[in-house]
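What shape does this take:
(4 chains)
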Protein chains: 4
Amino acid sequence: MSSETAPILAINYKVYPTAFADKGLAIALAADKIAGEYGEAVSIILAVPATELVRVSEVVENVKVYAQHADPVEPGAHTGYIPLEAIKAAGAKGTLLNHSEHRLKVSDIDWLVQKAMTLGMETLVCADTPSVAAAIAVISPTYIAIEPPELIGTGIPVSKARPEIIVNTIKTVHRVNPDIPVLAGAGISQGEDVEVAIKLGAAGVLVASAIMKAKNPEEKIREMVEAAYRAWKK
Amino acid sequence: MSSETAPILAINYKVYPTAFADKGLAIALAADKIAGEYGEAVSIILAVPATELVRVSEVVENVKVYAQHADPVEPGAHTGYIPLEAIKAAGAKGTLLNHSEHRLKVSDIDWLVQKAMTLGMETLVCADTPSVAAAIAVISPTYIAIEPPELIGTGIPVSKARPEIIVNTIKTVHRVNPDIPVLAGAGISQGEDVEVAIKLGAAGVLVASAIMKAKNPEEKIREMVEAAYRAWKK
Amino acid sequence: MSSETAPILAINYKVYPTAFADKGLAIALAADKIAGEYGEAVSIILAVPATELVRVSEVVENVKVYAQHADPVEPGAHTGYIPLEAIKAAGAKGTLLNHSEHRLKVSDIDWLVQKAMTLGMETLVCADTPSVAAAIAVISPTYIAIEPPELIGTGIPVSKARPEIIVNTIKTVHRVNPDIPVLAGAGISQGEDVEVAIKLGAAGVLVASAIMKAKNPEEKIREMVEAAYRAWKK
Amino acid sequence: MSSETAPILAINYKVYPTAFADKGLAIALAADKIAGEYGEAVSIILAVPATELVRVSEVVENVKVYAQHADPVEPGAHTGYIPLEAIKAAGAKGTLLNHSEHRLKVSDIDWLVQKAMTLGMETLVCADTPSVAAAIAVISPTYIAIEPPELIGTGIPVSKARPEIIVNTIKTVHRVNPDIPVLAGAGISQGEDVEVAIKLGAAGVLVASAIMKAKNPEEKIREMVEAAYRAWKK
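A predicted model of the protein is given here:
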């Protein structure tokens, strides 16, 4: 039972009002506590706003802190852009890339994924279709997440509404590269959705509003982690 | 002798290798010390990478910490974008906008400047020509900086190479709105360049590589602050 | 009674299915016929897709053919971009710029407007607020069009729903430069809307879906031209 | 000897001054004449500016006219953008996509390639590295062109300076999909460069400045076509 095969709960803070300062920190501490309880049986990624990386990464121990994006530039004269070196210096272990709210050019994904590897950083690259996911698989990021954009933020879980898209993505991605874990995202709002996704073959889930807009984010994280653990143990 | 009329030294960290972590912090602390010595006789702005805002703003007292950019979005589902509320939560008092390395749409500048005002934040908007500067003046940002892009990073100071562009920009901006301080930037590398810019009517200067790439950034900041103070007292 | 003071009907083809080949050409020929009947009493601009400029400009005589956009590049190695020289070579007399569906950076508007002038071409620059319109006025395009984006394509005419935005824009633009004609757009769907806009002080209107989606585009153009003429004669 | 296996000479007009009106037309007619002479033994693609599609496609018979780019939008309210339907209506049989001067998001390439297929149109998608080319191969465009950006426009032919990049790209692309012809581009300036590229396994070449800036474009096209034919016959 290694951490490599443990199910992944990736929480995308986006820039929801709860993503910043004390509120964002409270969610990070809750996730960190739960991750500590589960040890190697679950893996939690927190993709926080770039501005919160220092604050969050300084206090957590059991979760991986990610950025939500990085710009395809080297350190230098690029006012207002954020190179991988910037998020690394701020404590990020990796970054989301190509989220449906922040699509990237294919050459830039290629450049960023290679560059992240040389910096010892991870990449979780999003895709909207099995075909795009397979194209990205060629580039060999650490993780791929499949998210049908039309379900993002709806509360209609991809695992129920479009199970075939998860299955097909895993198939097309693994045909290209069987070693890349595929996460499922979009509309995941309950433990049950997490369980279904993992039973369909997903290595974990990518969630956002379900946690960031929850009345009790800690409870919601716990619900999802428990479900992931349950599905994974079977 | 109010701080409003004091000359301004705005330091754009860009994302130079010296902009991050300990190195960026050391420059911030040096600037803060010098600003403390000069009191209200000089005003220093540090435009640091978004990822460094928390780290820098927590330790400085005498300088204004700015971001280098903000995205024209409200808090919400905008993965990897940085709304004004994000930089405010991270300690920024304002932001650069429309730097020549990060140009913005005119409607977005308008939106960001209005929004910053409602959030009690400042804006320093860059322009490449007197005509663009005057257009931006209509939108009423806190400051305007004129920077001929072809001189940025060259070490050839705008105050020597293109003094007429500073004079013309001040004229066209003040015809639209006489209350907007105009900074000069591009190639400013010595105290003398600062002095000339202020004598030409600039409210201060916007510098980057001269300080971020200096062997001794503290010395270079001091050289520029002294020159600004000297020019301003006359 | 010069053509300079005649009311303007600017028709934005966008890329509606009716904008291309025979359908686009038929609308152009109808507009051309009506423009011929009204002579100098009305001025019609057709902003057609870039791909249709040659086809349309070869056959019309009484209307001005415009592009809908131009890219801020010189002729040269810019695969897939469209410089002003390209649309000029294809017969365009001018171009829309900064439509709400295609916003531009302020420096690029400045560059394009100046460049168009040196090429003897006209520019009709769109704005979403009185403040943005006044900023653009500083740059001195041939025309400015005010279009509240939330009304575009709705059929709710700006002239009824937001008359104050037309009045305020004309005021702020003319404070900067009294010589720039201001057109009103968004939701203009009937002759009456045109009439109201002109009575509020607009130099004309910018319309799209009302004509491009009309069952009988010729009839709709005639309705608007008649209304413009009626309002203008008074 | 089918046209499918014939070597391909794809000429990217870019927006060089020679790309427009009479000059662009003369190059098209020269290419068309030469293509007529060679029949099925060679295949010529002309990627002309969007504004020239109607003019060129109306007069040529033996070459395929392409656009240089298409925007990932449906026909409708997208002022100044160019959907695939627009270039099809103007006579294009296909389009370049993702040229190094006009990179696209991976999801948009996926969308455009699928959409082009449903419209019966071809796509020639450019890539800058073997890894990006293989990623694009997953999406199954009609052709892929490999162009190291640093050689574009230099006159230093990729076939001499970086032969291994051609060989590696063909290998990685064909591992994904053996049916996609791979063209080589960047710096191709003489018949000899074409010959070498084809001998390395390329299905043809993508050229621009060598022809568009030639004193005698017809002669240069003939030189390249002859070389392609020579290499192909062996």
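
who's in contact with the residue sitting furthest away from the middle of chain A?
Most distant from the centre of chain A: residue A:77, at 29.5 Å, with distances by Cα atoms, centre = their mean. When contacts are counted by Cβ atoms under 8 Å, 6 or more residues apart in numbering or on different chains, residue A:77 is found next to B:14, B:15, B:16, B:101, B:152, B:153, B:208, B:209. In this view, the C-beta of every residue, glycine as well, is placed from N, C-alpha and C.

Output those residues as CSV; include the columns pLDDT, secondary structure and distance to chain C.
Below are the contacts of residue A:77 laid out as CSV (pLDDT from 0 to 100; DSSP: H, G, I helix; E, B strand; the rest coil; distance: Cβ to the nearest Cβ, whole Å):
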residue, pLDDT, secondary structure, distance to chain C
B:14, 98, coil, 19
B:15, 98, strand, 21
B:16, 98, coil, 24
B:101, 95, coil, 12
B:152, 78, coil, 13
B:153, 76, coil, 18
B:208, 95, coil, 19
B:209, 94, helix, 21
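
ok, and does the helix or strand residue A:167 falls within reach over to chain D?
Secondary structure from DSSP states H and E places residue A:167 in helix A:163-176. Yes: judged by Cβ under 8 Å from any Cβ of the partner chain, helix A:163-176 comes into contact with chain D at A:172, A:176.

how big is the angle separating that helix from helix D:163-176?
Put simply, helix A:163-176 runs at 130 degrees to helix D:163-176, going by axes from the mean of the first three to the mean of the last three Cα atoms, to 10 degrees.

Please identify the buried residues of helix A:163-176?
Neighbour counts over helix A:163-176 (16 or more other Cβ atoms under 10 Å in any protein chain shown) mark A:163, A:165, A:166, A:168, A:169, A:170, A:172, A:173, A:174, A:176 as buried.

quick revisit: of the contacts of residue A:77, buried ones?
B:14, B:15, B:16, B:101, B:152, B:153, B:208, B:209.

Now flag whichever of these is closest to residue D:29.
residue B:101 (43.9 Å; Cβ to Cβ).

distance between the lowest-mean-pLDDT helix or strand in chain A and the chain's centre?
Using mean pLDDT, DSSP states H and E, the weakest-scoring helix or strand in chain A turns out to be helix A:158-161, at a mean of 84. Centre-to-centre, helix A:158-161 and its host chain are 18 Å apart (Cα atoms, centre = their mean, to the nearest Å).

what about the strands in chain A?
Here chain A has its strands, by DSSP state E, at A:8-12, A:43-47, A:64-67, A:94-97, A:122-127, A:143-146, A:182-185, A:204-207.

Name the strands paired with the longest one and say parallel or antiparallel.
For strand A:122-127, the paired strands and their directions (DSSP bridges) are strand A:94-97 (parallel), strand A:143-146 (parallel).

from the chain's centre, how far out does the last one sit?
So that's strand A:143-146. Averaged over its C-alpha atoms, strand A:143-146 has a centre that lies 8 Å from its chain's centre (Cα atoms, centre = their mean).

Give me the pLDDT for the residue nearest to residue A:21 when sequence neighbours are not counted.
Leaving out its chain neighbours, the residue that sits closest to residue A:21 by Cβ to Cβ, 6 or more residues apart in numbering or on different chains is residue B:89, at 4.6 Å. pLDDT recorded at residue B:89 is 98.

Using CSV, lay out the buried ones among the contacts of residue A:77 together with distance to chain A.
Output for these, formatted as CSV (distance: Cβ to the nearest Cβ, whole Å):
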residue, distance to chain A
B:14, 5
B:15, 5
B:16, 6
B:101, 4
B:152, 7
B:153, 6
B:208, 7
B:209, 7
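
can you name the two of those that are farthest apart?
Between all members of these, the farthest pair (by Cβ to Cβ) comes out as B:15 and B:152, at 14.4 Å.

ok so, going back, which among the strands paired with strand A:122-127 is found nearest to residue B:199?
Of the strands paired with strand A:122-127, nearest to residue B:199 by Cβ to Cβ is strand A:94-97, at 46.3 Å.

And for the closest one, what's in contact with it?
So strand A:94-97 is in contact with A:10, A:12, A:45, A:47, A:64, A:66-70, A:84, A:87, A:104, A:109, A:112-113, A:116, A:121-126, A:141-142, B:79-80, going by Cβ under 8 Å, 6+ apart.
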